[in-house]
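Student: what's the 3D shape of this:
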Amino acid sequence: MQATAYTYDPATRSGQVLLDDGTPVPFDAPAFDAGGLRLLRPGQRVRIETEERGDGSGPRITLVTLQTF
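Tutor: Next up, the predicted model:
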């Protein structure tokens, strides 16, 4: 799935992406680290992988990496 980087905190390696419908979805350090990235700037197009949370609170991002064409 594709999204756009919205926020990123290099100290915690966490942030948020915006889905194409404008929905913000947070990601944590393990999702960022899984993608092998070193830095993320707001506005960059990214590819994300998600899984549903067991509590029904929506998707959890498991991977954030740069979108390549």
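Student: which residues of the protein fall in strands?
Tutor: Using DSSP state E, the strands assigned to the chain run over residues 2-9, 14-19, 24-27, 45-52, 59-66.
Student: Who are the packing partners of the fourth one?
Tutor: The reference is to strand 45-52. In terms of contacts (3 or more CB pairs under 8 Å, 6 or more residues apart in numbering; DSSP states H and E), strand 45-52 is packed against strand 2-9, strand 24-27, strand 59-66. For glycine as for every other residue, the C-beta is placed from the backbone atoms N, C-alpha and C.
Student: Now do it, average pLDDT.
Tutor: Predicted confidence along strand 45-52 averages 93 (mean pLDDT).
Student: buried stuff in it?
Tutor: Of the residues in strand 45-52, 46, 48, 50 count as buried by neighbour count, 16 or more other CB atoms under 10 Å.
Student: Quick check: can you name the pairing partners of that strand and their directions?
Tutor: Using DSSP bridges, the neighbouring strands of strand 45-52 in the sheet come out as strand 2-9 (antiparallel), strand 59-66 (antiparallel).
Student: Please work out the average pLDDT along the last one.
Tutor: The average of the pLDDT scores along strand 59-66 is 92.
Student: got the angle between that strand and strand 14-19?
Tutor: When axes from the mean of the first three to the mean of the last three CA atoms, to 10 degrees is applied, the directions of strand 59-66 and strand 14-19 differ by 90 degrees.
Student: Name the residues of strand 59-66 that are buried.
Tutor: Burial within strand 59-66, assessed by neighbour count using 16+ other CB under 10 Å, is assigned to 60-61, 63-65.
Student: Please render those residues as CSV that adds distance to residue 41 to the earlier fields.
Tutor: Formatted as CSV, the entries for the buried residues of strand 59-66 read as follows, by distance: CB to CB, whole Å:
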residue, distance to residue 41
60, 23
61, 17
63, 18
64, 13
65, 14
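Student: Can you name the residues that contact the closest residue to residue 15 other than its chain neighbours?
Tutor: By the measure of CB to CB, 6 or more residues apart in numbering, the closest residue to residue 15 outside its immediate chain neighbours is residue 8, 3.8 Å from it. Applying CB atoms under 8 Å, 6 or more residues apart in numbering, one finds that residue 8 lies in contact with 14-15, 39-42.
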